[in-house]
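Student: just to be clear, the model below is a prediction. Sequence and coordinates:
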Amino acid sequence: MPTWREFQAGRRAQTREFYRRHKRLRLLHVALLALIVAPVIAIVLFLDYGDSLGLPIGAPRVLASWGVVLAAGILAIAVTAIIAQARWREESRITETFVTIGFFAVPVMWWVAATCVLDVVADGRTPAGCLVGASALIFAGMGWMLAWDFAGPIVDFLRARDSSRS
């Protein structure tokens, strides 16, 4: 029966070997980081420098910003799903699947942050309830992500421990 430390060491070795065999999947982690930063850059570019991009003031800039926020959130989920599916197919690891479920909070958190924190609204008025509700939703989303991220390795450890008993 493996200990937690032995289990973690084995997982690190499996992960290195997996990404050595699948070099293209290694690049998806870089794409994931870019997708997390893209909404902030898009909001700043579209709202502050929309004249240079040929966007009229008001709703077109806001809609362009929202489009990037939505697309980045959906693509982040898709990237984690691709990685999870590849890992599951080869190693039956559930951790990446749990991370994908956790990433479903990203579009919600971006929507709240863009609306309440960055004031991405067409009429310039921040919606009521943003002061308390925004921070609560962002913290709840972070809690959701972290809970799934921590639950994955624990479930994999319990599965490995049960399979070694039989």
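Tutor: Cool, got the structure.
Student: the biggest helix by length in the chain packs against which elements?
Tutor: Criterion DSSP state H: the longest helix present in the chain is helix 130-165. The helices and strands touching helix 130-165, judged by 3 or more CB pairs under 8 Å, 6 or more residues apart in numbering; DSSP states H and E, are helix 4-21, helix 95-102, helix 105-112. (C-beta placed from N, C-alpha, C; glycine too.)
Student: the longest one: how far from the chain's middle?
Tutor: The chain centroid and the centroid of helix 4-21 are separated by 22 Å, computed with CA atoms, centre = their mean, to the nearest Å.
Student: how far off centre is the following helix or strand past that helix?
Tutor: For helix 4-21, the following helix or strand on the C-terminal side (DSSP states H and E) is helix 23-48. Helix 23-48 sits 11 Å away from the centroid of its parent chain (CA atoms, centre = their mean).
Student: and the gap between the residue nearest in space to the middle of the chain and Trp111?
Tutor: Closest residue to the average C-alpha location of the chain: Phe103 at 4.0 Å, with CA atoms, centre = their mean. As judged by CB to CB, to the nearest Å, Phe103 and Trp111 stand 14 Å apart.
Student: cool, Ile138 as well?
Tutor: The value you get for Ile138 to Trp111, if CB to CB is used, is 10 Å.
Student: can you name the next helix or strand after the worst-scoring helix or strand of the chain on mean pLDDT?
Tutor: Sorted by mean pLDDT, DSSP states H and E, the helices and strands of the chain end with helix 50-53, the least confident at a mean of 80. Going down the chain from helix 50-53, the next helix or strand is helix 59-91, by DSSP H and E.
Student: who are the packing partners of that next one?
Tutor: Helices and strands touching helix 59-91, by 3+ CB pairs under 8 Å, 6+ apart, are helix 4-21, helix 23-48, helix 50-53, helix 95-102, helix 105-112.
Student: where does the prediction get shaky in the protein?
Tutor: Scanning the chain for pLDDT under 70 picks out the ranges 117-129, 131, 166.
Student: ok, now with 80
Tutor: 1, 47-48, 50-51, 55, 57-59, 61, 111, 113-135, 164-166 (pLDDT under 80).
Student: start and end of stretch 51-66, how far apart?
Tutor: Criterion CA to CA, to the nearest Å; first-to-last residue distance in stretch 51-66 is 17 Å.
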